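Peer 1: Fold the following, please.
(4 chains)
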Number of protein chains: 2
Amino acid sequence: MTYRLPSLNTLRAFEAAGRHLSFKTAASELGVTAGAVSQQVRKLEDSLGVALFRRLPHGLLLTDKGETYLPAITAVFDDLTEATEAIAPKINSKKFRVGVCASVKRMLPVTWPNHVDTLRNHVRDWVETNDTEMIRKDEIDCLVRSRGGPYGELTLIIIPAPPAGQDLHFVCKPGLADCRQSKAILQDLMQHVARAS
Amino acid sequence: MTYRLPSLNTLRAFEAAGRHLSFKTAASELGVTAGAVSQQVRKLEDSLGVALFRRLPHGLLLTDKGETYLPAITAVFDDLTEATEAIAPKINSKKFRVGVCASVKRMLPVTWPNHVDTLRNHVRDWVETNDTEMIRKDEIDCLVRSRGGPYGELTLIIIPAPPAGQDLHFVCKPGLADCRQSKAILQDLMQHVARAS
DNA sequence: TTTGCAGACTTAGTATTTCTATCCCTCCGC
DNA sequence: GCGGAGGGATAGAAATACTAAGTCTGCAAA
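Peer 2: Purely as a prediction, here's the structure:
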């Protein structure tokens, strides 16, 4: 049977906007502009002939139909993620690509991230960079740098250094700060900050 | 949490090819060329780093991972369809768009398809045409004509006329012949064929 | 053995979709 | 009244999807 379905892209925009009740925040999470999210959601609504959001001056409210649709779509994405991970568990987004600025790079062992298993299980590879745009573009999952900002909608976690040392900035997209990849990386970095001072 | 997922378009190509074990037949069902299906499936495999099919000279076999993934993806599409229909039941593909050639049009009442409820519930609208390409392009769901062919991968149902009359051809995509929309249309057409003779 | 056919693969170009940047609007707080 | 937040609209740029055409392989028929 041929399926007639909304595009996943429109559904992705809807789901993120529905969770955040904000096109702006959803855009930040998805790494696109708010205008793109707005357009995709509008396209979804037009194709369904149903309003999914009520637009307010400073955010969104879900309509009744939106309230019905959101958990179902979230479940669909969860199932899709599970099914995909079942066949490609090592590939799909489970290991972070880490951006590391030059001064942080000098602090790390040359074997990083392969010097301990826990880190190896959460870091896929790293690249030397100081460019936060790479986060927005999904080219890296987080960036570790010694200074900088402002980070806009990106999340900043400060890794405090001892008094004579230099705090580090761990920067990632909203929502990724608490995941186990970030935690493993942060834990490891804290040890290196302590040693570098 | 940001989802990192294959594009629905690649999944759609995979799912259809997996059901048919043929890019060619899947392409026909999806209304694109076999080259497009091949590319999309290849793109999916590359993004996952997993082979989903073994290519044979005259068709496909699913790999073990392909065998695992297919039913899960089919279920995802089913769930997505259900969720979508729950909020937009009257819009989404439930009523057929019917193509009708000129001679068949003359056979039908001017009120067609609105002269009976059953038909009105299954036919969204109709357009005068004799072009089977419109089926492939999803511009119409079926075509009713008095002669023609060959139909390639499209399904042909012949509506037999009494001896002095002209058989009709009901043409649609594979898989749509047995659905209730087609049945309702066929039943109605049989009555008109009988009356026209 | 040779030939023809079916169907998957590849490629370059075309068509379509998605995204961006920019401006506009409304609302709210100061 | 002004500034800021955030959604809306638009035109153009960028990315993706599709097509047409040619290539390759394997199989069946002559």
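
Peer 1: okay, CA-based contacts and neighbour counts for the rest of this
Peer 2: Noted.

Peer 1: what about chain A, any weak spots by pLDDT?
Peer 2: Applying pLDDT under 70 to chain A flags the ranges A:1-5, A:89-94, A:116-118, A:121, A:152-153, A:164-165, A:174-180, A:195-197.

Peer 1: Domain map for it?
Peer 2: Using automatic domain parsing, the domain parsing of chain A gives A:8-87, A:96-196.

Peer 1: Off-centre distance for the last one?
Peer 2: If I follow you right, that is domain A:96-196. 14 Å (CA atoms, centre = their mean, to the nearest Å).

Peer 1: How about stretch A:155-169, which residues are buried there?
Peer 2: For stretch A:155-169, the neighbour count (16 or more other CA atoms under 10 Å in any protein chain shown) marks A:T155, A:L156, A:I158, A:I159, A:A161, A:D167, A:L168, A:H169 as buried.

Peer 1: can you list those residues in a markdown table and add distance to B:K183 and secondary structure?
Peer 2: Written out in a markdown table, the entries for the buried residues of stretch A:155-169 read as follows (distance: CA to CA, whole Å; DSSP: H, G, I helix; E, B strand; the rest coil):
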| residue | distance to B:K183 | secondary structure |
| --- | --- | --- |
| A:T155 | 57 | strand |
| A:L156 | 60 | strand |
| A:I158 | 66 | strand |
| A:I159 | 67 | strand |
| A:A161 | 74 | coil |
| A:D167 | 71 | coil |
| A:L168 | 68 | strand |
| A:H169 | 65 | strand |
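
Peer 1: which residues of chain A fall in helices?
Peer 2: With DSSP state H, the ranges of helices along chain A come out as A:8-20, A:23-30, A:34-48, A:64-87, A:102-107, A:117-120, A:133-136, A:180-196.

Peer 1: just to revisit the earlier point, closest one of the buried residues of stretch A:155-169 to DNA strand C?
Peer 2: A:T155 (18.1 Å; CA to the nearest atom of the strand).

Peer 1: partner residues bridging the closest one?
Peer 2: Note on A:T155: beta-bridge partners by DSSP bridges are A:C172.

Peer 1: same question, A:G59
Peer 2: On the basis of DSSP bridges, A:G59 is bridged to A:L56.

Peer 1: Contact residues of chain A facing DNA strand D?
Peer 2: Within chain A, the positions lying close to DNA strand D (CA under 7 Å from any atom of the strand) are A:21-25, A:34-35, A:38-39, A:55-60.

Peer 1: Buried subset of the residues you listed, written for PyMOL?
Peer 2: In PyMOL syntax, the buried subset of these is picked out as below (16+ other CA under 10 Å):
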select buried, chain A and resi 21+22+23+24+25+34+38+60
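
Peer 1: So which residue is dead centre in chain A?
Peer 2: A:K173 (4.1 Å; CA atoms, centre = their mean).

Peer 1: Contact partners for it?
Peer 2: For A:K173, the contacting residues are A:S28, A:E29, A:I135, A:R136, A:D141, A:C142, A:E153, A:L154, A:T155, by CA atoms under 8 Å, 6 or more residues apart in numbering or on different chains.

Peer 1: again, 7 Å this time
Peer 2: A:E29, A:L154, A:T155 (CA atoms under 7 Å, 6 or more residues apart in numbering or on different chains).

Peer 1: Pull up the gap between it and A:F14, please.
Peer 2: Going from A:K173 to A:F14 by CA to CA, to the nearest Å gives 18 Å.

Peer 1: same thing with A:A26?
Peer 2: Relative to A:F14, and taking CA to CA, A:A26 is found at 9 Å.

Peer 1: Next: A:V32.
Peer 2: Distance from A:V32 to A:F14, by CA to CA: 13 Å.
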